[in-house]
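[1] Here is my input; please provide its structure:
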Amino acid sequence: MSNEFTFSLKSIRLDENYHPSENTRLTTNFANLARGKNRQENLRNTLNMINNRFNALAHWDNLKGDRYTVELEIISVEMNIGIESTSNSLPLIEVLKINIIDRKTNERIEGIVGNNFSSYVRDYDFSVLLLGHNKDQPTFSTPDDFGGLHGKLFQCFVNSNTYKDHFSKPPVICLSVSGSKTYQRTENQHPVLGMEYQQDEYSLTDEYFKKMGLKVRYFMPPNSVAPLAFYFTGDLLGDYTNLELISTISTMDTFQKIYRPEIYNANSAAGKSYQPSLKHQDYSLTRIIYDREERSGLAIEQGKFVEENFIKPYQAILEQWSTNYAL
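    From the prediction side, this is the model:
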């Protein structure tokens, strides 16, 4: 049954000349940065922050701190329902692919794919299904098999020939830690990922990504002020080189400083016991403009778009496929 769904990829360079395509989810964080009169300055400053962070972490044989340049590609994944049909392609997810340019050796090094994660079906799950489920409920709960369909669609894509033809390693997704959980620092320290943190129970996002086949570990890299959540398959520390890990850290630490400055641009670093909060007041702003309120509103709009154009029209096909798809 899984071969009823096929996938196609589109790629666009994320640089200072980036303009979001018509099919890009408007809630995608980098699309938010690339609008308005400050769009080019926003993008240029963001890329400079990423490059500076990369070179600070990759400091060996890098005396001037300018050896490496990071290039970003936005990978848009479309799903086709029916083997021979491409007329009913549906936008599924968007991720970032990182490439590293070594200016000393003139080598182009493949970085990690994943990083930022945008998903139409996740918009539906969180902004329509979950909100509707809890609308009149006295206590918060999740619907039955919440995230199940999304998880299988994601794994179907990662296991597909389309993914394997384009990417040499499984994805790593890097997100903010949850404001509803407390994280405890451990004695484990990695030279690039930094200090490892753990928590007693998973967040709703952790559980959602678990259904995508992804495990999670939390690390606070050197000179960061809060841990990041890394979602992966396999062995995060063993499967990826230091430069690959640095590519993800430098990119996503920069984006989080812009998106969540209360956590990731705070003026004091996380302690041994740490609970992140967007209500934290002691933080600094970057010079990059990001509209968080607009993004929240758009997530609901796009969740409804998915419901009307994907979930409802293909409900019978999706339910049959999900029942028969073997993880």
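[2] Give me the three-state assignment for S277.
    coil (DSSP: H, G, I helix; E, B strand; the rest coil).
[3] Isn't it up against R260?
    No: assessed by Cβ atoms under 8 Å, S277 is found out of contact with R260, at 10.1 Å. For the C-beta atoms, the positions are set from N, CA and C on the backbone; glycine is no exception.
[4] Which one of the two is surrounded by more residues?
    R260 (21 against 12; other Cβ atoms under 10 Å).
[5] what's the spacing between that one and V225?
    Separation of R260 from V225 (Cβ to Cβ, to the nearest Å): 11 Å.
[6] now do Q199
    Distance, Q199 to V225, by Cβ to Cβ: 18 Å.
[7] Also G111?
    Using Cβ to Cβ, we find G111 at a distance of 24 Å from V225.
[8] Give me the more crowded residue out of these two.
    Each of G111 and V225 has its neighbours counted (other Cβ under 10 Å); G111 has more, 27 against 17.
[9] Which residues are in contact with the more buried one?
    Applying Cβ atoms under 8 Å, 6 or more residues apart in numbering, we find G111 in contact with 70, 97-100, 243-244, 247-248.
[10] Please repeat the previous calculation with a cut-off of 6 Å.
    98-100, 244, 247 (Cβ atoms under 6 Å, 6 or more residues apart in numbering).
[11] what does R67 give?
    Contacts of R67 (Cβ under 6 Å, 6+ apart): 103-104.
[12] Low-confidence bits of the chain, can you list those?
    1-3, 20-37, 82-88, 289-297, 327 (pLDDT under 70).
[13] quick one, strands of it?
    5-14, 68-81, 89-102, 107-119, 172-176, 183-190, 194-199, 215-220, 228-232, 273-274 (DSSP state E).
[14] Same list, these, but as TSV with distance to R44 please.
    Formatted as TSV, the strands of the chain follow (distance: least, Cβ to Cβ, whole Å):
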stretch	distance to R44
strand 5-14	12
strand 68-81	13
strand 89-102	17
strand 107-119	18
strand 172-176	22
strand 183-190	31
strand 194-199	28
strand 215-220	28
strand 228-232	24
strand 273-274	32
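[15] Compare these and give me the one nearest Y325.
    For Y325, the closest of the strands of the chain is strand 5-14, at 9.0 Å, according to Cβ to Cβ.
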